[in-house]
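*Asks:* Return a 3D structure for these sequence lines:
(6 chains)
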Number of protein chains: 6
Amino acid sequence: MLKHVLFEGAELRMLEVRHAEAIYELVDRNREHLREWLMFVDLYKSADDALAFIQIARDQFASNQGTHYGIFYRGEFAGAIGYHKIDWNNRMTSIGYWLGKEFTGLGLMSAATRALVDQAIYEYGLNRVEIRVATSNLKSQAIPERLGFTKEGVVRQSEWMHDRFLDHQMYSMLASEWKDR
Amino acid sequence: MLKHVLFEGAELRMLEVRHAEAIYELVDRNREHLREWLMFVDLYKSADDALAFIQIARDQFASNQGTHYGIFYRGEFAGAIGYHKIDWNNRMTSIGYWLGKEFTGLGLMSAATRALVDQAIYEYGLNRVEIRVATSNLKSQAIPERLGFTKEGVVRQSEWMHDRFLDHQMYSMLASEWKDR
Amino acid sequence: MLKHVLFEGAELRMLEVRHAEAIYELVDRNREHLREWLMFVDLYKSADDALAFIQIARDQFASNQGTHYGIFYRGEFAGAIGYHKIDWNNRMTSIGYWLGKEFTGLGLMSAATRALVDQAIYEYGLNRVEIRVATSNLKSQAIPERLGFTKEGVVRQSEWMHDRFLDHQMYSMLASEWKDR
Amino acid sequence: MLKHVLFEGAELRMLEVRHAEAIYELVDRNREHLREWLMFVDLYKSADDALAFIQIARDQFASNQGTHYGIFYRGEFAGAIGYHKIDWNNRMTSIGYWLGKEFTGLGLMSAATRALVDQAIYEYGLNRVEIRVATSNLKSQAIPERLGFTKEGVVRQSEWMHDRFLDHQMYSMLASEWKDR
Amino acid sequence: MLKHVLFEGAELRMLEVRHAEAIYELVDRNREHLREWLMFVDLYKSADDALAFIQIARDQFASNQGTHYGIFYRGEFAGAIGYHKIDWNNRMTSIGYWLGKEFTGLGLMSAATRALVDQAIYEYGLNRVEIRVATSNLKSQAIPERLGFTKEGVVRQSEWMHDRFLDHQMYSMLASEWKDR
Amino acid sequence: MLKHVLFEGAELRMLEVRHAEAIYELVDRNREHLREWLMFVDLYKSADDALAFIQIARDQFASNQGTHYGIFYRGEFAGAIGYHKIDWNNRMTSIGYWLGKEFTGLGLMSAATRALVDQAIYEYGLNRVEIRVATSNLKSQAIPERLGFTKEGVVRQSEWMHDRFLDHQMYSMLASEWKDR
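*Replies:* Have a look, this model is predicted:
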């Protein structure tokens, strides 16, 4: 029922139990596309795995640690975006996202990320938003760069991906910068 | 960020920690108005009590038992509406609501209730939605009556209210009826 | 060790782990008889399912929400009766019960129900006791009627039973009425 | 409602929330009498402390570790008796008990202890029942001696009592012995 | 990283997840040797069972109930020793231990037990340390006897071992005695 | 009992309940010294706060997330060092530490940090160890620099300290680098 309209036909919604099937199907159709940067893909065996993801997102919301949202395009589940958690003491969070291949190129991710930065800074009053992207994932780096995030350095070997460690480019946006754009 | 627009200027939103102060203030301004039908009003001593209510609503959401939403009018917290819980085995729920006095007469409650019945039946796939109203609370009975709910009988002495038991009028809407309107 | 004597040879007892086998066997012998009005029967695959029921009854007792008792006739497990939960704020509970076919016609259910209403009103100080019976279950309706419960109305489609919704007749007994009999 | 009749006028009952006041009052009247052998007496400040004891007894029951019972004499709370816990692997338990001074000399404790040994051995199928009594507490030693328990030795300094350690006489009853009496 | 040196080449260490494989292998090599006095041996099917034991030891530590340590000899896991729990109210604990056959005769158990009695009395400030040994397990009785423990009596049929109950010799050491050696 | 000797007179130990008083006293004596870089100092009101810290360290150990150790110098509590948590999926952790002023200049922190990196890489098999130090805290930066950590960049405004955000220098050590020193 609740939604945030990103643009005509594109919405963010809370993840609910009834979305499990659609999430699983998207992941299943996009195994090749998604597994390059996402470890969880190989673990998805059925809609129950999507259900576990939904539950994590809901528990995260209940414990005031942000949440993960579903991105819907023309009524279809297109991907997910969320805060990994919120560090209230230091007023800081980080954002992660993924899209099914058939939903790329529509501007969904930029719009969704902009919405989450807005929420983090204006609604939650946070001071710092991080996005960490594998140095080899140029497409994904385009999102923070387009939004004006600052590159802070390379966090070496910070994520295990199937058979190797990935280096992460650390991007950040400060509240003062976001408000000054 | 997420919202459901009831009509121009009127929205439902998930309850979040940052709403505690506004909820407390509304309750505090409306003690006389609200306590006639709501036991919790006398227990509200500070924004912490509103925080506890918010937490319950969030835990309810996390455990797939529905939730309580904030009703906002022109950006202000106006009241709350929610499912008491969801009985998934029997595909049934019940709805409760309250508004600050200054927000009555605007059609908020009818619109919000209609939205929750829609969600219950179309999104959650429930079969039966109950509304129980004190037999002496004629204003509140107007909501289910306007929406075409059926009166099923009087549940005698079913709620303790400060110093006496209230009888409840039991109203219900079945999915088949709602879809046939 | 503890028991409540209903009449010569008939007793209520707390459910304990050692009763699991007997409960399962009764249910298993009475599948046809019980499944007409009880969803759980089809889920009973072994004594472990009875054990889960016992655990629920014990947890319910530990959390001061009433409990379910075993009904024993001449030392044999004959059926169960219990409070679904206790609403202490509104001083209200509801009662449910079932018997193996071979133990019907002995007056066990009337006596057991009377005992639980007594306990609810005199020991727990409750004000309202509900019994909800499927409108089509005439035998079961005889219990509240014999005990002088009041019919309040029909709660439509309020229980899913295998392949259809059942309507429930709502019966209630108020403390003032029970004491005045 | 449920009870075990020890003898005319004397009963064991499950401890319930409504007994808290009576338990507290008995303890409060018997501070001098009880504190000689019971550490908890000095910690009793209000009926809430009795409530905590009741909750422990109920949780113990729910987790299949035995329970503590109220001993009632002519309708009044007279004392308590219970299993400390049940060691199901080794089929063993131990029993503890206390009575208000005004209820001593009536045979309540012998009868109650006999009932609990019966339950332990015949209902729970346990093999060994222990009673540990301070070597200086001759009155309390009379119970296991009268019931035919065997003295196994002195467990030195095994209980802290206000300002000194008490030695315990270890008594035991085996199932084979109990059945052979 | 942390260790307690018993003597050259012999150490106690906290149990950690990485020790599971070594524990399982020792148990597996010593099934005949260990099962005479230890029920758990027959339950060990894989390193997961050792992992469960490690988790119990760690949870015990976290809840301030003592812990179980690994005994290592020349870098190899040789056996385990630990407190069963700590009774802080009565300042009392008991010690249990086992060794792989290939590590017996080296003085590991005496040294380890001495270390745990030291810790119990000097670091934890306990007053009484128990060791319970099957009356038929003469080798294991040698440990408390060598350390000067006092025999208090025989706790009859106090442990179920595969197909029979074992009697336990109860040994104890008081703080005053240990300090006076 | 267990310890890791850093050098003559200097040891790491598990934190136990009995250390609470000493931890509180060190913090209390060093309020001025410690509060410059540690938020928690102002929250320390009594030994209970040290107890809470100890409990966190023990729970962390029990859940296989590393732990915090006490640093002891000549038998006195000198400070603490620990892993913030362990990310087992990505085989990564980070280290934090603090010392009482009277214990600085003795080489405790370098030695302790070296020990924790050793444990992380050789015992836990981790691949990356981070140390984050405020850019303005030159003394603390000396530790990772002396140990050969790599500077990866400045994480801007990543810690709230009383009245301002601190920037953090991100240092890291990879397992391959540590083994090649």
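*Asks:* Tell me if the lengthiest helix in chain A is near chain B.
*Replies:* When chain A is scanned for its longest helix (criterion: DSSP state H), the result is helix A:47-62. Yes - Helix A:47-62 reaches chain B (CB under 8 Å from any CB of the partner chain) through A:55, A:58, A:59, A:61, A:62. Any C-beta I mention is one placed from the backbone N, CA and C, and that applies to glycine too.
*Asks:* residue contacts, the closest residue to the fourth one other than its chain neighbours?
*Replies:* By the measure of CB to CB, 6 or more residues apart in numbering or on different chains, the closest residue to residue A:61 outside its immediate chain neighbours is residue A:67, 3.9 Å from it. Listed by CB atoms under 8 Å, 6 or more residues apart in numbering or on different chains, the contact set of residue A:67 reads A:14, A:15, A:57, A:58, A:60, A:61, A:82, A:83.
*Asks:* Surely residue A:7 touches residue A:114?
*Replies:* No - counting by CB atoms under 8 Å, residue A:114 is not a contact partner of residue A:7; they are 10.7 Å apart.
*Asks:* Please identify which of the two sits among more neighbours.
*Replies:* Between residue A:7 and residue A:114, residue A:114 has the larger neighbour count (other CB atoms under 10 Å in any protein chain shown), namely 15 against 11.
*Asks:* what's the burial count for residue A:107?
*Replies:* By the criterion of other CB under 10 Å, residue A:107 has 11 neighbours.
*Asks:* looking at it, it is touching residue A:7, isn't it?
*Replies:* Yes - assessed by CB under 8 Å, residue A:107 is found in contact with residue A:7 at 7.1 Å.
*Asks:* And residue A:112, how far from residue A:7?
*Replies:* 10 Å (CB to CB, to the nearest Å).
*Asks:* now swap in residue A:163 and tell me
*Replies:* Where residue A:7 is concerned, residue A:163 sits at a distance of 38 Å (CB to CB).
*Asks:* hang on, the earlier thing: quick check: phi and psi at the residue nearest to residue A:61.
*Replies:* The phi/psi pair for residue A:67 (degrees, to the nearest 10) reads phi -160, psi 180.
*Asks:* Which residue lies closest in space to residue A:99, excluding its sequence neighbours?
*Replies:* Using CB to CB, 6+ apart, the closest residue to residue A:99 is residue A:79 (3.6 Å).
*Asks:* At the contact with chain F, which residues of chain A appear?
*Replies:* A:39, A:89-92, A:127-128, A:150, A:152-160, A:165, A:170, A:172, A:174.
*Asks:* So which of those are in strands?
*Replies:* When those are checked against strands (DSSP state E), the matches are A:92, A:128, A:150, A:152-160, A:165, A:170, A:172, A:174.
*Asks:* from the residues of helix A:47-62 next to chain B, which is closest to chain E?
*Replies:* residue A:59 (22.5 Å; CB to the nearest CB).
*Asks:* so what's that closest one up against?
*Replies:* Here residue A:59 is in contact with residue B:62 (CB under 8 Å, 6+ apart).
*Asks:* Just say helix, strand or coil for the residue sitting nearest the centre point of chain A.
*Replies:* Ranked by distance to the mean C-alpha position of chain A (CA atoms, centre = their mean), the top residue is residue A:97 at 2.3 Å. What DSSP: H, G, I helix; E, B strand; the rest coil gives for residue A:97 is strand.
*Asks:* ok, it to residue F:66 distance?
*Replies:* Distance from residue A:97 to residue F:66, by CB to CB: 30 Å.
*Asks:* Ok, residue A:45 next?
*Replies:* Residue A:45 is 31 Å from residue F:66, by CB to CB.
*Asks:* Look at those two and report which has more neighbours.
*Replies:* Shown here are residue A:45 and residue F:66; by other CB under 10 Å, residue F:66 has more neighbours (22 against 9).
*Asks:* State whether the more buried one is indeed within a strand.
*Replies:* No - counting by three-state DSSP, residue F:66 is not found in a strand; it is coil.
*Asks:* Check the gap between it and chain D for me.
*Replies:* 32 Å (CB to the nearest CB, to the nearest Å).
*Asks:* Pop out the phi and psi values for that residue.
*Replies:* Per-residue torsions, residue F:66: phi 80, psi -170 (degrees, to the nearest 10).
*Asks:* Look up the closest residue to it, ignoring the ones flanking it.
*Replies:* residue F:83 (3.1 Å).
*Asks:* Ok, residue A:85 next?
*Replies:* Here the residue nearest residue A:85, using CB to CB, 6+ apart, is residue A:65, at 4.5 Å.
*Asks:* go on, residue A:172?
*Replies:* Closest to residue A:172 by CB to CB, 6+ apart is residue A:130, at 5.1 Å.
*Asks:* quick one on the thing from earlier: next, the contact list for the residue nearest to residue A:85, please.
*Replies:* A:83, A:85, A:86.
*Asks:* quick one: which of the residues you listed has the most company?
*Replies:* Busiest of the contacts of residue A:65 [other CB under 10 Å] is residue A:83, holding 24 neighbours.
*Asks:* A strand includes that residue, no?
*Replies:* Yes - when three-state DSSP is applied, residue A:83 is found to be in a strand.
*Asks:* List the contacts of it.
*Replies:* Shown in contact with residue A:83 (CB under 8 Å, 6+ apart): A:60, A:65, A:66, A:67, A:68, A:93, A:94, A:95, A:116, A:120.
*Asks:* By proximity to chain E, which residue of chain A wins?
*Replies:* Nearest residue of chain A to chain E: residue A:160, at 17.8 Å (CB to the nearest CB).
*Asks:* What degree of burial does that residue show, as a neighbour count?
*Replies:* The burial count for residue A:160: 18, using other CB under 10 Å.
*Asks:* Tell me the pLDDT of it.
*Replies:* pLDDT for residue A:160: 98.
*Asks:* Starting from residue D:62, give me the distance back to the closest residue to it other than its chain neighbours.
*Replies:* Sequence neighbours aside, residue F:90 is the residue nearest to residue A:160 in space, at 4.8 Å (criterion: CB to CB, 6+ apart). Noted for residue F:90: a distance of 41 Å to residue D:62, by CB to CB.
*Asks:* now residue A:146
*Replies:* From residue A:146 to residue D:62 the distance is 57 Å (CB to CB).
*Asks:* do residue A:156 as well
*Replies:* Counting by CB to CB, the gap from residue A:156 to residue D:62 is 52 Å.
*Asks:* again, but for residue A:94
*Replies:* From residue A:94 to residue D:62 the distance is 42 Å (CB to CB).
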